[in-house]
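Chemist: Any chance you can model this:
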Amino acid sequence: MSPEQLIVKCYAEQEQDYWVAVCLDFNLASQGDSFEEVKAKLESMITDYVYAALAGEDKPYAAQLLSRRAPLSSWLKYHLIKLKIILLHSAGRVFNETMPLIPA
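Modeler: Okay, the predicted model is just below:
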């Protein structure tokens, strides 16, 4: 497994009076009042999701679950937010999460 496979791509953006965070590699999303809240929720979701796929009741479906990517529109939004951050210093955030590992 390469180091790149241990990192999942995520973004968060403010929509009106709340924040939305998305994990592109597993097509997961969270919503909350602040960036810190949605990021923490998404981190927890990723941990639970990977555990369920690798060691939990969903283990028979691990290959499918761990390759469930977000739709192209979400990936385009991710790259657009990256571009806005660079050019306009916008409020969106792009971040990477380390995939939680479960010992064998």
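Chemist: and the lengthiest strand in the chain, C-alpha only, in CSV?
Modeler: Secondary structure assigned by DSSP state E gives strand 7-15 as the longest strand of the chain. What follows is strand 7-15, C-alpha atoms only, in CSV (Å, rounded to 0.1, in the frame of the first residue of the first chain):
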residue,chain,number,x,y,z
ILE,A,7,-4.7,9.8,2.8
VAL,A,8,-8.3,10.7,1.9
LYS,A,9,-9.2,14.0,0.3
CYS,A,10,-11.8,16.2,2.0
TYR,A,11,-13.2,19.7,1.7
ALA,A,12,-15.5,22.0,3.8
GLU,A,13,-17.4,25.0,2.8
GLN,A,14,-19.7,27.5,4.5
GLU,A,15,-23.2,27.5,3.1
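Chemist: From Gln64, how far out is Gly32?
Modeler: 28 Å (CB to CB, to the nearest Å). Placement of C-beta: from N, CA and C, glycine included.
Chemist: Oops, could you answer that again for Leu72 instead?
Modeler: Counting by CB to CB, the gap from Leu72 to Gln64 is 19 Å.
Chemist: Quick one: the strands in this structure, in order.
Modeler: 7-15, 18-23, 28-32, 93-98.
Chemist: got CSV for those strands, with distance to Arg68 and mean pLDDT too?
Modeler: Shown next, in CSV, are the strands of the chain (distance: least, CB to CB, whole Å; pLDDT from 0 to 100):
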stretch, distance to Arg68, mean pLDDT
strand 7-15, 11, 90
strand 18-23, 10, 95
strand 28-32, 9, 97
strand 93-98, 15, 72
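Chemist: Residues in a beta bridge with the nearest residue to Cys23 once chain neighbours are set aside, which ones?
Modeler: Closest residue to Cys23 apart from its sequence neighbours, by CB to CB, 6 or more residues apart in numbering: Cys10 at 4.9 Å. Per DSSP bridges, residues listed as beta-bridge partners of Cys10: Cys23, Phe95.
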